[in-house]
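A.B. asks: With the input below, show me the fold.
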Amino acid sequence: MPKIALIGAGSVVFSRRLLQDVVCVPALSDATISLMDVDRERLDLIGAFAKKLVRDAGTRIRIEPTTDRRRALDDAKYVLTTIRVGDRVEVDYAIPAKYGVDQAVGDTIGPGGVFKALRTVPVLLDICRDMEELCPDAWLLNYTNPMAIACWAINDATSIKTVGLCHSVQRTTEQLAEYIGAPRAEVSGWVAGINHMAWFLRFERNGRDAYPALREALDDADTFNKDPVRFEVMRHFGYFVTESTRHMSEYVPYFRKSDALMRRFGLDKIKQDLNRRASRDVDHFEKLREDTAAKAAMKPSRSDEYACRIIESMETGLPTVINGNVRNDALIDNLPQGSCVEVPCLIDNLGLHPMKVGALPPQLAALDRPNIALQELATRAVLDRSRATANHAVLVDPLTAALLPLDRISDMFDEMWAAHGDQLAAYS
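C.D. replies: Purely as a prediction, here's the structure:
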């Protein structure tokens, strides 16, 4: 049975979901799961949780916690990455905010996303080089952001088979069902674009076009106010996008340029709290501790995450379709070839088969391309270890360019660079 290596197992929310998914699949009941993290406290907790979960579920899954990455990767068939490298909101978010660039999240796009790539992607490439030696035929299922930059670099610089995974398509499909008053099981979509800016090119209920119902929902003030940025984008561009109102607002130059705009679209109510991520992480950590210590047996259920569905399909041959982030090899005609695109993919025991989409509606491709330009420059900055190219990536960010002149963007970049100290010593 397969060995599944989870690198970054201390990411407790995702690790919990994956473990609960795996124990629910009979075909994986003899699998080995190697949990790897450099944080011993987090590793010990997720290891204890996993062992209790396996006992409670009555499976034969083996749990192997380790701080040794090479040991975790040795002979793995599937490798999942959920790592964070030097993330600090006081740098990635607070410094741009001081200059007037109010990012919503700042982990996949914008100044924060570029610097996250500079820190994180080299570590992912190191993991891939270990995989090339220790498990060259393994599939890398990457959940680490910035997704598109990470996958683009891995595809260009390594021989590892990889797909980038996100849950925005699943979550948005569920939300769209709610907006039109339909059961989730009755709706489906044909979705393609780039990560966090993929588009519901078709949205159907029981096989019939559901966009008319969605346009009716747009005209209902209560429904519109649940998701104002995405509904406003649909009003003007014709299609619904996959990322949340909060996140989507930082991918385009329209919504975060003034306090008045922020208030109009409800974004002033969800501004970034510098302590939000840390406090949320502590809450999840404590909940995992409580559940691990509880005497009551756990009753796991499957989530809608893609990773376990991929592993199950590859192991059993039972096909499934996911949306994955892969190289654009003639999949979307009017986005740059070789970039990272998010498209439907068929999974079976022969592997992963991305589906050709053709051309996006031109207005959607036009919205995606500025973000791809940033992704390309950030990828080159990582692979070439180039500070100048990283600066160029920040300079072309759509939101940043809408807010600041070139010299102020470079001043902001220099301050962020200096705040990293020796973390970026490999760049010149």
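A.B. asks: List the contacts of Gly207.
C.D. replies: Listed by CB atoms under 8 Å, 6 or more residues apart in numbering, the contact set of Gly207 is empty. From N, CA and C alone the C-beta is placed, and that goes for glycine too.
A.B. asks: ok, now how distant is it from Tyr179?
C.D. replies: 19 Å (CB to CB, to the nearest Å).
A.B. asks: Equivalent analysis for Thr158, please.
C.D. replies: The spacing between Thr158 and Tyr179, counted by CB to CB, is 40 Å.
A.B. asks: out of those two, which sits in the busier spot?
C.D. replies: When neighbours are counted by other CB atoms under 10 Å, Tyr179 comes out ahead of the other of Thr158 and Tyr179, with 22 against 17.
A.B. asks: Remind me which helix or strand the residue nearest to that one when sequence neighbours are not counted belongs to.
C.D. replies: With sequence-adjacent residues excluded and distances taken as CB to CB, 6 or more residues apart in numbering, Tyr179 is closest to Ala217, at 4.4 Å. According to DSSP states H and E, Ala217 maps onto helix 211-218.
A.B. asks: what's the helix or strand bottoming out on mean pLDDT in the chain in contact with?
C.D. replies: Lowest by mean pLDDT, DSSP states H and E among the helices and strands of the chain is helix 276-293, with a mean of 78. With CB under 8 Å, 6+ apart as the test, helix 276-293 has contacts from Val12, Val13, Arg16, Arg42, Leu45, Ile46, Ala48, Phe49, Lys52, Val89, Met298.
A.B. asks: Of the residues you listed, keep whichever come out buried.
C.D. replies: The neighbour count (16 or more other CB atoms under 10 Å) marks Val12, Arg16, Arg42, Leu45, Ile46, Ala48, Phe49, Lys52, Val89, Met298 as buried among the contacts of helix 276-293.
A.B. asks: So in this structure, which helix runs the longest?
C.D. replies: Criterion DSSP state H: the longest helix present in the chain is helix 110-134.
A.B. asks: So for it, mean pLDDT?
C.D. replies: For helix 110-134, the mean pLDDT works out to 98.
A.B. asks: One more: stretch 398-416?
C.D. replies: In this model, stretch 398-416 has an average pLDDT of 98.
A.B. asks: start to end distance for it?
C.D. replies: Terminal residues of stretch 398-416 lie 18 Å apart, using CA to CA, to the nearest Å.
A.B. asks: If you count neighbours, what's buried in it?
C.D. replies: Judged by neighbour count (16+ other CB under 10 Å), stretch 398-416 contains these buried residues: Pro398, Leu399, Thr400, Ala401, Leu403, Leu404, Ile409, Met412, Phe413, Met416.
A.B. asks: Ok, stretch 200-220 next?
C.D. replies: Within stretch 200-220, the residues scored as buried using 16+ other CB under 10 Å are Phe200, Leu201, Phe203, Arg205, Ala210, Tyr211, Ala213, Leu214, Ala217, Leu218.
A.B. asks: in this protein, which spans are strands?
C.D. replies: For the chain, strands defined by DSSP state E occupy the ranges 3-7, 32-36, 62-66, 78-81, 139-142, 161-164, 187-194, 197-205, 208-209, 320-327, 340-348, 351-354.
A.B. asks: Return the list of strands paired to the first one, each annotated with direction.
C.D. replies: Okay, so that is strand 3-7. With DSSP bridges as the test, strand 3-7 is paired with strand 32-36 (parallel), strand 78-81 (parallel).
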